[in-house]
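Novice: Following is a predicted model, sequence given first.
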Amino acid sequence: MALRAALRGLLSCSSHGRLCATSTSISQRNNSSSANLKVDHDQTTGVAVMHMQSPPVNSLSLDFLTEICITLDKLEMDKGCRGLIITSSQPKVFCAGLDILEMYGKSPERCGEFWKAVQEMWLKLYGSNMVTIAAINGSSPAGGCLMSITCDYRIMADNPRYSIGLNETKLGIVAPFWFKETMVNTVGHRNTETSLALGLLYKPAEALSIGLVDQLVPEDQVLSVATQTMTKWLAIPEHARQITKSMMRKSTIEKLRSNREADIQNFVNFITKESIQKSLRMYMEMLKQKKA
Amino acid sequence: MALRAALRGLLSCSSHGRLCATSTSISQRNNSSSANLKVDHDQTTGVAVMHMQSPPVNSLSLDFLTEICITLDKLEMDKGCRGLIITSSQPKVFCAGLDILEMYGKSPERCGEFWKAVQEMWLKLYGSNMVTIAAINGSSPAGGCLMSITCDYRIMADNPRYSIGLNETKLGIVAPFWFKETMVNTVGHRNTETSLALGLLYKPAEALSIGLVDQLVPEDQVLSVATQTMTKWLAIPEHARQITKSMMRKSTIEKLRSNREADIQNFVNFITKESIQKSLRMYMEMLKQKKA
Amino acid sequence: MALRAALRGLLSCSSHGRLCATSTSISQRNNSSSANLKVDHDQTTGVAVMHMQSPPVNSLSLDFLTEICITLDKLEMDKGCRGLIITSSQPKVFCAGLDILEMYGKSPERCGEFWKAVQEMWLKLYGSNMVTIAAINGSSPAGGCLMSITCDYRIMADNPRYSIGLNETKLGIVAPFWFKETMVNTVGHRNTETSLALGLLYKPAEALSIGLVDQLVPEDQVLSVATQTMTKWLAIPEHARQITKSMMRKSTIEKLRSNREADIQNFVNFITKESIQKSLRMYMEMLKQKKA
C-alpha cells in the first residue's frame, strides 16, 4: 500500500502541474494518459472522456482499479470538469468486470486490499458530483455492469452480440449488498431478484426494456450521443442537480460507508473458502477451453 | 400567524353552522366558497369537488395554501364527506406549483411559515382518510405535480399541450425528501432519479407510460370520469381501505412528521442563499420576457 | 397445540424412516401423501411437486396450513430436495386463500393460533433455501396469491376465467404488512397501493403485465413448463443462489420475525371486532347466495 499511496501522491502532484500547463493551452484540450486509461478532458465544455484500454477486456484488477480511482479523484477535484463519460477502447467489450485472478489463490490480505479498491471505485462513481454517463460500446458483465449502473445515464451499442448484467451467481459468487442496491435503484426489486438469482446477462433490447440501460444507439454513435446527452445534463443548474443526486443516493452510499470493514471481512471470508476457490478454478478452466 | 389562527377558528365555526344549515337542505348539495376555492359537496354521494380558482394559475401562495388546508380540515372532519376530487377552474392549468414570490426576497421567518404550510398541505392530502382523486385538467408542474401525486388516483386531460412533473431543479431549487419519496412511491426510484435530476416535465402520454398519472381522458371528460372512478373507490369497505392506505403511506408521512422543524430550517437556509435568490430572480425575469 | 407439536415430532420421525426406505428404492421416486397434500418427490432431479388437494378449493384452514408447514419442513431438511413446485389438484382453483371459517365466530386464542400458522407458512416459503415455483393452474385470490408471490417464480395458466390478487379489502379485512411487502417486492409500491386499496383481482394477462406472474402458458402445460424452468434454476451454483435469495428477502423476513407476537395481537384485535365479524358474515352469505 505504501507504493500505491506514494503513486497517489505523485499523480496528484502531476495533476496540479497539468492544470497550470493547460491554462496556457490553445486547444483547451487536456489529454492525460496512464498505462490503461486515456482521459480526454475538453476544458471548453467541461467534459472528460475516460477511455478504458486495459487489454484484453478491461478487467478490473487491483492496479487498474487504483488507476481508475486516482483519475476519478483528479477529475472530481478539478472544477473545470463537470461531466464524465466512461467508455472503452477495447473492441467488443466495455468492461469484463472484476479480475478473477485477483480472487483466486490470493492471500486474505491481498483479497481485502482488492475488495477495498472495488468499494472505493463504487463510492467515487455512485457519489460523484460530476454528471456521469456510461457509453457502453461492448459487453458489460458483472463489475462492468456495476460500473455502468453507478452512472447517471447509460447509452449502449445496439448490437445483439453484446450483453450486460450482474451475472456473479453463475460463477458461484455473490454480488454484495451494495451491488444489489444499485441494481434495485435502477431496475426495481423484482427484476433484481430474478436477475441476481439466475445471474442473467441481458441483450441490449432486453436491458432497455427493464430499464437497465436508458438508450440504445448504433455502435458508431455511442460516444457522440453520450456527448450530446451530456450537454443536456450540464444545462441543469449544477448545485440543485448535485443536491438532488445526493438525496437519491446517500442512503445507499451511507450503508456501505458505515460498513466497509465488515463488508471486506465478509468478502474475504467467502472468497477464500475452499469450495468457492474450486468454483473459480472450474470457471477459469471453462474459459480456457472456450478459447482453445 | 395570529390572524391566520383566528381565521382558522372562524372557519371551523362557520363550518359547524354550515352543517346545521344543510341538514334542512333539499338539494343535499352544500356549496361553499372562499376567495380562491369553490367546494361542491354532494351529501348524497359523499363526494366533494374542490375547484381551485386562484388567478391566474392557482399558484400556491401562503394564503392559498392556508385556504386549502382549512378546507381539507373541514372536509376531513365531516363524516358526510368520504371522497374528494381536486380540480381547477382556471383555463389550461391545474396548478402551477409553489408561488415563487413566496420564496423571493422574503424574511427567513416568512419563508419558514410558507414552508410549514406546504408541509401541512402535503400531510393532510397524503394522509387523508378520504378517497382523493386528482382531476388534472391542465398543466401541473412542481407543487402542482406534488399535489397530484398525493392523491389516490390521477386522471389527466389528454392534451399534449399540458405537462406534469417535479421540475424544481430547472429553477435551481431542490425538491425536498418528501416530494422525492412521494414520487418514488408513484413511479419508482429510477424514474424519480432521472426526473428530478433533469427537472423533467412529461406530456400526458409520457406521464401515463411511467405511471405518473393513471388514466388519460378527453379534456371535457376529466371531471365526469373522476366522478365515476370515485364511485368505484367508495364501494370498497371504508375501514379496510383506510387502514390499507395508511399502511402504504405511514412510513413516508412519519419521516416528515418527525423532522418538520429540521426540514423547515433546511428549506429556509437553502432558499435565502444569495445564489439561490439570484437563480429565482433570473427565472422570474425569463418568465416576464416570455410573456412580453 | 400439544397435539400438533406431537404430530410434528411424529412426522419428523416418519420422514427419517422414509429417507432410509427410499435409499433402496428403484424408481428413485418418493411419493408421500397426507390427507390434503400429495407430494411427488423425484430423487433423481431433486424436485418435489406439492399437489394441494383440499376440497373443494384448497382453503387454508389451520389444519391444512399445519400440514403444509410440516411438509415444507420435511422437504427443507431433506438434502435430496433442492426444488419445490407448488400446484393444485382441485379443478379451476390454485388456492382460494385463508379459510374464512377460521376467522368467523372463533375465540381470540383460536384466531391467534390460526394467524401464527399463516405467518409460519409465509416464513417457511419466503425464506426457503429450495428453488420454489408456483404452478398456478387456477384462480389464486388473497392467501393463494400470497402463497404464489412467496415463490421464486410464477407460471400461470393462460385462462381468462382465472384471476389472482390480494383482494382482502373487498371482504372488509386488511392484508398485513408482510403480505404488503411481499407484494411491493414483486410489483412495486404503486401497483401494490392501488391493488390493495381496491382489492383488485387480475386476469392472467393483466397479472403478467404488472409482473404479478412471470409467465403464462396453456393450462395443460403449467406443470411441464414449471418442471423445465426448475431445471434452469437448479443449474445455478446452489450456495451462491441461496445467499443471493436471502440477501433479497431477509429484511422483509426479519421485520415479521421480530414482530410476530405484535402482528398476531393486531390480527386478533381486528378480526374479533363486531364490525369485522359482521362484514365476514355478509360476505359468506353473499357467497352462499351466489352458489344457490
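Specialist: The structure has been received and is ready for your questions. Numbers count the residues shown, from 1 in each chain, chains lettered A, B, ... in the order given.

Novice: Beyond the helix or strand hosting A:N185, next helix or strand please.
Specialist: Here A:N185, judged by DSSP states H and E, is contained in helix A:177-187. Toward the C-terminus, helix A:177-187 is succeeded by helix A:189-198 as the next helix or strand (DSSP H and E).

Novice: Show me what from chain A comes close to chain C.
Specialist: Within chain A, the positions adjacent to chain C are A:168-175, A:177, A:180, A:188-190, A:192-194, A:196-199, A:275, A:279 by C-beta under 8 Å from any C-beta of the partner chain. All C-beta spots, glycine's among them, are computed from the backbone N, C-alpha and C.

Novice: make it 10 Å
Specialist: A:166, A:168-177, A:179-181, A:184, A:188-199, A:270, A:273, A:275-276, A:279, A:282-283 (C-beta under 10 Å from any C-beta of the partner chain).

Novice: And the helices in the stretch 101-250 of chain A?
Specialist: A:108-126, A:143-150, A:177-187, A:189-198, A:204-210, A:222-234, A:238-257 (DSSP state H, counting those that start in this stretch).

Novice: quick one, what contacts A:E168?
Specialist: A:97-98, A:141-143, A:145-146, A:174-176, A:179, A:196, A:199, C:237, C:240, C:244 (C-beta atoms under 10 Å, 6 or more residues apart in numbering or on different chains).

Novice: Is there a neighbour count for whichever residue of chain A sits closest to chain C? I'd like the number.
Specialist: Distance from chain C to each residue of chain A (C-beta to the nearest C-beta) is smallest for A:G172, at 3.8 Å. A:G172 is flanked by 21 other residues according to other C-beta atoms under 10 Å in any protein chain shown.

Novice: and if you look at A:A157?
Specialist: By other C-beta under 10 Å, 23 other residues sit near A:A157.

Novice: partners of it in the sheet?
Specialist: According to DSSP bridges, the partner residues bridging A:A157 are A:V217.

Novice: isn't it right up against A:P218?
Specialist: Yes: contact criterion C-beta atoms under 10 Å: A:A157 and A:P218 qualify, at 7.4 Å.

Novice: Spatially nearest residue to the residue of the stretch 151-292 of chain A found nearest chain B, not counting backbone neighbours?
Specialist: Nearest to chain B, among the residues of the stretch 151-292 of chain A, is A:P237, at 3.8 Å (C-beta to the nearest C-beta). Using C-beta to C-beta, 6 or more residues apart in numbering or on different chains and skipping residues adjacent in sequence, the residue nearest A:P237 is B:G172, 3.8 Å away.

Novice: Could I get the contacting residues of that neighbour?
Specialist: So B:G172 contacts A:236-241, B:199, B:275-280, B:282-283 (C-beta under 10 Å, 6+ apart).

Novice: swap in A:Y104?
Specialist: A:Y104 neighbours (C-beta under 10 Å, 6+ apart): A:C111, A:I271, A:I276, A:Q277, A:S279, A:L280, A:R281, A:Y283, A:M284.

Novice: Check the gap between A:D220 and A:A157 for me.
Specialist: 9 Å (C-beta to C-beta, to the nearest Å).

Novice: Give me the common contacts of those two.
Specialist: Taking C-beta under 10 Å, 6+ apart as the criterion, A:D220 and A:A157 both touch A:N137.

Novice: May I have the helix holding A:N185 exported as CSV, CA atoms only?
Specialist: Output of helix A:177-187 as CSV, limited to C-alpha atoms (Å, rounded to 0.1, in the frame of the first residue of the first chain):
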residue,chain,number,x,y,z
PHE,A,177,-25.5,-5.8,-0.9
TRP,A,178,-24.3,-2.5,-2.5
PHE,A,179,-24.2,-4.1,-6.0
LYS,A,180,-27.7,-5.3,-5.2
GLU,A,181,-29.0,-1.9,-4.0
THR,A,182,-27.5,-0.1,-7.0
MET,A,183,-29.4,-2.6,-9.2
VAL,A,184,-32.6,-2.3,-7.2
ASN,A,185,-32.4,1.5,-7.6
THR,A,186,-32.1,1.0,-11.3
VAL,A,187,-34.5,-1.8,-12.3
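
Novice: pLDDT score assigned to A:L11?
Specialist: Here the pLDDT value assigned to A:L11 is 30.

Novice: Can you pull the phi/psi pair for A:K38?
Specialist: Backbone torsions of A:K38, given as degrees, to the nearest 10, read phi -120, psi 120.

Novice: now do A:A35
Specialist: Backbone torsions of A:A35, given as degrees, to the nearest 10, read phi -50, psi -50.

Novice: now the residues of chain A next to chain C: which count as buried?
Specialist: Taking 16 or more other C-beta atoms under 10 Å in any protein chain shown as the criterion, what is buried in the residues of chain A next to chain C is A:166, A:168-177, A:179-181, A:184, A:188-199, A:270, A:276, A:279, A:283.

Novice: Please, which helix or strand holds A:S279?
Specialist: Per DSSP H and E: A:S279 is located in helix A:274-291.

Novice: so what does that helix touch, helix or strand wise?
Specialist: With contacts defined as 3 or more C-beta pairs under 10 Å, 6 or more residues apart in numbering or on different chains; DSSP states H and E, helix A:274-291 has these neighbours: helix A:260-271, helix C:238-257.

Novice: Including mean pLDDT, could those helices go into CSV?
Specialist: Listed next are these as CSV, based on pLDDT from 0 to 100:
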stretch, mean pLDDT
helix A:260-271, 97
helix C:238-257, 97
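
Novice: and the stretch 151-292 of chain A, which residues reach chain B?
Specialist: A:152-153, A:181, A:184-189, A:211-212, A:214, A:232-233, A:235-250, A:252.

Novice: Only the buried subset of those residues, as a PyMOL command please.
Specialist: The following PyMOL line selects those of those that are buried, judged by 16+ other C-beta under 10 Å:
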select buried, chain A and resi 152+153+181+184+185+186+187+188+189+211+212+214+233+236+237+238+239+240+241+242+243+244+245+247+248+249+252
